[in-house]
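**Student:** mind looking at a prediction? Sequence and model below.
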Amino acid sequence: MLLLESSFRTKAMVLAACIVMLFSGLGSFPLTDRDEGEYAASASEMIKRGDFVVPYLNGRPYLEKPILFFWTLSSSFKTFGQNEFAARLPSALAGLILLASMLFWAGHLSDRSSLGIIASLLLLGSPLFLLVARACLTDMLLTLFIWCSMAFFYAYMEKDRGPFFIWLSWFFLSLGFLTKGPVAVAMCLPTFLLYSFIRRDFSWLRPRVLVSGISLFWVVSLPWYLEIYQRMGKAFVETFFITQNFERFATTLLGHGGGPIYYLAVLAIGLFPYSALLPGLAQRGLPLLYAAVKKRNFLPKDSFFIFCLIASLWIFILLTAAATKQINYIVPALPFLNLCLGVLILEESRASECKIVSKTWLITVSALLLIVTVPWFLFPSTIWKYVLKLIRFDSTEYAFTVHMPASLSFWAFGLFLITILCSFLFLHFKTWKIQRFCVPLFFSGWLIVFFLPTLACMVQCPAKDMALSVKRTILANHKEQRGPVRLTSFGLWKPSMIFYANMPIKRIKTKHPKRLKDALSRPSPCFVFTRTRLQDKLDKIPNFLPIKKWEGYMLGGNEAAYSLFRSQR
């Protein structure tokens, strides 16, 4: 039984829930490293330079991503100021637009009036989606454009053969190309071709339709690519297309690898507890897809389900084949995957008891989550020693104290209890009434809106406070400074500190102490951002003076920097 009427009132309530969960406390915790810090610092430098063609980071061209996300960030900064809320606002707005479009349009596309409501609740209750929608990352903007491009393509194929929908599909595909590059095309076009093959309908490839669509794609996206190539030349091609796209697919970059079941594990946890529906989806969907491919014959009511299944499966296969993997990469598949799950729920809702939830799968995933959390409050010292061993001074962005914060055990125990409670309640409610949808919303909201921001504050606030202290010192004493103030990091690389300090930071690795010695020997003030665990090594470097410690982080510098900082105090 399904007690969710497809009424405007119900949709308005779901939309209100989306707004609350996406925007609550959005700017209440510091930017994390490294991606949030890099994007925010680059957009900040874009505003400072007045150059909206070539992104820069720490004084150097930042050519890893296309320009559109940086335009949205810089616009947000100009409107709301350079802060955490403004940095995360473009992603949150993209997530809200995506949810709203699914809420009000998916029912029309699928000829199932309640599907938009169900799929929106499923997506909002997925921790991975909510996490990325509340982060300063390119992935949510890409997900929105992928969804729009595919939705308009389906509308062209099944609803209206006029050119308007297919042009909109190409338009949003071009925006995806401006957001993250060729991966947008790699996700969409094979899906279009596979669905066309099953439907025996390639009308969108007719010369007039295809040429007009491709022309629109290049009119929107090509000007920036030509302009940046004219300014940066071969460096842009090598950095963006070869390193960030081809090599990222063919080889593992920055240690972000994973085996063939990597994204299966990500979905198991990232959709929890809805991931318990995945076995049922495979049982229902794969035979239907096989029959559709082999016989090219399926009922009209199944066309939207098959299209969404093709989209989610293709994105999953594409990303699994790539050597470099990160949890946020799979997010573009989530709208289509949750639409498939929504169809499954609607088909089963007529029964007196829903049987599509796999108890074995839910218990297994719950057990894995519990196995991860239990040692944190039963064996905190042992776990913390292991965590400290994982820290690599020059590559790990975070610095921790020797002893684990006592509150961390408390939060781990809280996660343990919440996981057990939500697993029990999700199994307790046998039918798809509103109570069952509230359980994942509670779990996702507690985990992403409350728990993880609290951990982010514990980890990032000391570094943020250190960078802001230096910034205030420089601003308060700019008239008394003996030469320009220089900022340096030693054995620590945190792009978020570039954003908070609002100045470039010269990076020096621990294997080059002579470079730090040379930087400290100059008469102008030189502040050093580093770790407390490196103090023994730093004490041996001439002219280095420790200034202040913030838990695992330490601020040092030469005598001029020391005097400048103390004069403010």
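**Tutor:** Yep, that arrived.
**Student:** tell me the centre residue of this protein?
**Tutor:** V132 (3.6 Å; C-alpha atoms, centre = their mean).
**Student:** next one: it from I228, what distance?
**Tutor:** 26 Å (C-beta to C-beta, to the nearest Å). Glycine gets a C-beta too; all of them are placed from N, C-alpha and C.
**Student:** which parts of this structure are strands?
**Tutor:** Residue ranges of the strands in the chain, as given by DSSP state E, are 56-57, 60-61, 486-490, 506-508, 526-531, 545-550, 553-557.
**Student:** to F241, which of the ones you listed lies closest?
**Tutor:** Across those, F241 has its closest neighbour in strand 60-61 (14.7 Å, C-beta to C-beta).
**Student:** who does the closest one pair up with?
**Tutor:** strand 56-57 (antiparallel) (DSSP bridges).
**Student:** circling back to that earlier point, local confidence estimate at the residue nearest to the centre of the chain?
**Tutor:** As predicted, V132 sits at a pLDDT of 98.
**Student:** so it sits against A333, correct?
**Tutor:** No. V132 lies out of contact with A333 (C-beta atoms under 8 Å); the separation is 12.0 Å.
**Student:** what ranges do the helices span in the stretch 151-300 of the chain?
**Tutor:** 163-180, 182-199, 207-232, 234-236, 248-250, 262-270, 278-295 (DSSP state H, counting those that start in this stretch).
**Student:** how about the last one: buried residues?
**Tutor:** The neighbour-count criterion (16 or more other C-beta atoms under 10 Å) identifies L278, G280, L281, R284, G285, L289, A292 as the buried residues of helix 278-295.
**Student:** I'd assumed I310 was in contact with the fifth one.
**Tutor:** No. Taking C-beta under 8 Å as the contact criterion, G285 and I310 are not neighbours in contact, 9.9 Å apart.
**Student:** what about K355, how many residues nearby?
**Tutor:** 9 (other C-beta atoms under 10 Å).
**Student:** sketch out the low-pLDDT regions of this protein for me.
**Tutor:** Low-confidence segments of the chain (pLDDT under 70): 1-5, 296-297, 350-354, 478-483, 569.
**Student:** domains in it, by residue range?
**Tutor:** 8-354, 361-460, 465-568 (automatic domain parsing).
**Student:** need the distance between the two termini of stretch 114-132.
**Tutor:** Stretch 114-132 has its terminal residues 26 Å apart, counting by C-alpha to C-alpha, to the nearest Å.
**Student:** quick one: buried residues of stretch 371-383?
**Tutor:** Buried residues in stretch 371-383, counted by 16+ other C-beta under 10 Å: T373, W376, F377, P380, I383.
**Student:** among the residues you listed, which two are most distant?
**Tutor:** T373 and P380 (11.7 Å).
**Student:** these two touch, right, I547 and Y553?
**Tutor:** No. Taking C-beta under 8 Å as the definition, I547 is not a contact partner of Y553, at 11.4 Å.
**Student:** which one of these two has more residues nearby?
**Tutor:** Ranked by neighbour count (other C-beta under 10 Å), I547 and Y553 place Y553 first, with 24 against 20.
**Student:** who's that one bridged to?
**Tutor:** R531, W550.
**Student:** is it in contact with P462, as I believe?
**Tutor:** Yes. The criterion here is C-beta under 8 Å, and Y553 meets it with P462 at 5.1 Å.
**Student:** what touches both of those two?
**Tutor:** Each of A399 lies in contact with both Y553 and P462 under the rule C-beta atoms under 8 Å, 6 or more residues apart in numbering.
**Student:** what count of nearby residues applies to K65?
**Tutor:** Neighbours of K65 (other C-beta under 10 Å): 20.
**Student:** gap between it and P55?
**Tutor:** 8 Å.
**Student:** same deal with R507?
**Tutor:** For R507 relative to P55 (C-beta to C-beta), the value is 18 Å.
**Student:** over to G95?
**Tutor:** In this view, G95 and P55 are 23 Å apart by C-beta to C-beta.
**Student:** now do I547
**Tutor:** According to C-beta to C-beta, I547 and P55 sit 32 Å apart.
**Student:** ditto for M21
**Tutor:** Taking C-beta to C-beta, one finds M21 at 30 Å from P55.
**Student:** higher neighbour count, the two?
**Tutor:** Taking neighbours as other C-beta under 10 Å, M21 and P55 compare with P55 leading, 27 against 22.
**Student:** chain neighbours aside, what residue packs nearest to R566?
**Tutor:** I547 (7.8 Å; C-beta to C-beta, 6 or more residues apart in numbering).
**Student:** residues contacting that neighbour?
**Tutor:** Per C-beta under 8 Å, 6+ apart, neighbours of I547: F527, L555, G556, G557, A561, Y562, F565, R566.
**Student:** mind putting those residues in a markdown table, neighbour count and distance to V266 included?
**Tutor:** A markdown table is the format used below for the contacts of I547 (neighbours: other C-beta atoms under 10 Å; distance: C-beta to C-beta, whole Å):
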| residue | neighbour count | distance to V266 |
| --- | --- | --- |
| F527 | 28 | 39 |
| L555 | 22 | 37 |
| G556 | 27 | 39 |
| G557 | 27 | 42 |
| A561 | 28 | 44 |
| Y562 | 20 | 47 |
| F565 | 23 | 44 |
| R566 | 11 | 48 |
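**Student:** and the residues you listed, which is closest to L455?
**Tutor:** L555 (23.2 Å).
**Student:** now the closest one: how far from R284?
**Tutor:** Distance from L555 to R284, by C-beta to C-beta: 58 Å.
**Student:** also P55?
**Tutor:** Counting by C-beta to C-beta, the gap from P55 to R284 is 45 Å.
**Student:** contacts only, for the nearest residue to W170 once chain neighbours are set aside.
**Tutor:** Nearest residue to W170, sequence neighbours excluded (C-beta to C-beta, 6+ apart): G213, at 3.8 Å. If you count contacts by C-beta under 8 Å, 6+ apart, G213 has them with I166, W167, S169, W170, W204.
**Student:** please name the residues that touch the third one.
**Tutor:** The reference is to S169. Counted by C-beta under 8 Å, 6+ apart, S169 has contacts C148, S149, M150, F152, F153, Y156, G213.
**Student:** what do you get for the last one?
**Tutor:** In this structure, W204 makes contact with F153, Y156, M157, I166, F192, S196, L210, G213, judged by C-beta under 8 Å, 6+ apart.
**Student:** now distance to L369 too, for those, in CSV please.
**Tutor:** Formatted as CSV, these follow (distance: C-beta to C-beta, whole Å):
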residue, distance to L369
F153, 37
Y156, 42
M157, 40
I166, 44
F192, 37
S196, 41
L210, 48
G213, 45
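**Student:** what's the ChimeraX line that selects buried ones from those residues?
**Tutor:** Selection of buried members from the contacts of W204 for ChimeraX, criterion 16+ other C-beta under 10 Å:
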select :153,156,157,166,192,196,213
